[in-house]
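[1] predicted structure and sequence below. I'll ask about it afterward.
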Amino acid sequence: MTGEVVSISPDQVVGACARKKAEGHRLVTMTCTAPEENAVEILYHFDRDLELSHLRLRVARGIPLPSISGVYFAAFLVENEIRDLFGVRFSGLAPDYEGTLYLDPEVAEAPFMSHAAKESPQ
């Protein structure tokens, strides 16, 4: 990965992405990984004039993150994908497929969650 990487917190996500947009950056994509059983890391990738920059967010599983679909509308696709695959919830996500963008409604768990990190049944 090339370019600047800036670590942010959940309360900084929307503002940091809005600043990127105001500065002329386009959202390339977002990537998610689960570096630990109880944590996820999301990287927001941006491009401006063929220069990449990234925002890094690391958070404990189960903490809902603010959606950036209000800033970059196309983010709704990758946020829904991250929800499907990693179980991360995004508040304010529009449209929100509620875990069924790629998965059938009867799929009960996000496939990329480790066994130890699965949510306990209600």
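    All right, it came through fine.

[2] low-confidence stretches in this protein?
    The chain contains residues with pLDDT under 70 at 1, 104, 107-108, 110-122.

[3] for it, what spans make up the strands?
    4-8, 26-36, 39-48, 51-60, 65-66, 90-91 (DSSP state E).

[4] residue contacts, Asp84?
    Tyr97, Gly99, Thr100, Leu101, Tyr102, Leu103, Ala110 (C-beta atoms under 8 Å, 6 or more residues apart in numbering). Every residue, glycine included, has its C-beta placed from N, CA and C.

[5] neighbours of the closest residue to Tyr72 other than its chain neighbours, how many?
    Distances taken as C-beta to C-beta, 6 or more residues apart in numbering place Leu27 nearest to Tyr72, at 4.2 Å, with adjacent residues excluded. Number of residues near Leu27 (other C-beta atoms under 10 Å) recorded here: 19.

[6] for this structure, which helix is longest?
    In the chain, taking DSSP state H as the definition, the longest helix is helix 75-86.

[7] buried sites along that helix?
    Ala75, Phe76, Val78, Glu79, Asn80, Glu81, Ile82, Arg83, Asp84, Leu85, Phe86 (16 or more other C-beta atoms under 10 Å).

[8] doesn't Gly70 make contact with the second one?
    Going back to what we said before, that points to Phe76. No. Look at Phe76 against Gly70 with C-beta atoms under 8 Å: they stay out of range, at 9.5 Å.

[9] which residues are common contacts for those two?
    Ala94.
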